[in-house]
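In: Pasting the sequence and the predicted coordinates here, then a few questions.
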Amino acid sequence: MKSNIRPLGDRVLIEPLEKDKEKTKSGIYLPDTVSKERPEKGKVVAVGAGKMLETGKVAPMNVRVGDIVLFTKYGPNEIKVDEKEYLIAKEEDIMGIIEE
C-alpha cells in the first residue's frame, strides 16, 4: 500500500488490522458491533526519519514499512484519508514487532 502521507520525526503511519471475530466460551461468535474497541495491531505503512536527539543527530527508527506491530490502545491518533482510516503513533507507542 503506497501512502501519500510522510510522517515527521519519530512518528509512524499504521494501517489498523481488524481483530479476529470474538468467540465466547460456549462457541458463539460475536459480531463486530458488540465490541468496537480500537485495534492494537497494525501494519506499518510509512515511517518518519527518526527522533531528533539533543546532540542534533537523528536516531534511526526501529520499525520499517511492512512490519506488523503491536501498539498501545489509546496512544495513536486516528486520521482518515480518501475514506481509509489510519493511525499515527510515536515510535514509543509501539510495544513490539510481530515476527512470523
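Out: That came through, no problem.

In: Report the residue spans of the protein with pLDDT below the cut-off.
Out: In the predicted model, the chain carries pLDDT under 70 at residues 1-3, 19-25, 27, 29-39.

In: And the strands in it?
Out: Listed in chain order, the strands of the chain (DSSP state E) span 11-16, 22-23, 29-30, 41-47, 51-52, 58-59, 68-71, 77-81, 84-90, 94-98.

In: Relative to N4, which of these is closest?
Out: strand 77-81 (7.6 Å; C-beta to C-beta). No exception for glycine: its C-beta is placed from N, CA and C like everyone else's.

In: beta partners of the closest residue to L53 other than its chain neighbours?
Out: Leaving aside its sequence neighbours, L53 sits nearest to A59 (C-beta to C-beta, 6 or more residues apart in numbering; 5.6 Å). For A59, the beta-bridge partners under DSSP bridges are K51.

In: Let me see the contact set for A59.
Out: D10, G50, K51, M52, L53 (C-beta atoms under 8 Å, 6 or more residues apart in numbering).

In: neighbours of the fourth one, just the number please.
Out: By other C-beta atoms under 10 Å, the residues close to M52 number 12.

In: which residue packs closest to the residue nearest the centre of the chain, ignoring adjacent ones?
Out: Nearest to the mean C-alpha position of the chain, by C-alpha atoms, centre = their mean, lies I14 at 3.6 Å. Take I14 and drop its neighbours on the chain: the residue closest to it by C-beta to C-beta, 6+ apart is G42, 3.9 Å away.

In: Then V81?
Out: Closest to V81 by C-beta to C-beta, 6+ apart is I5, at 6.5 Å.
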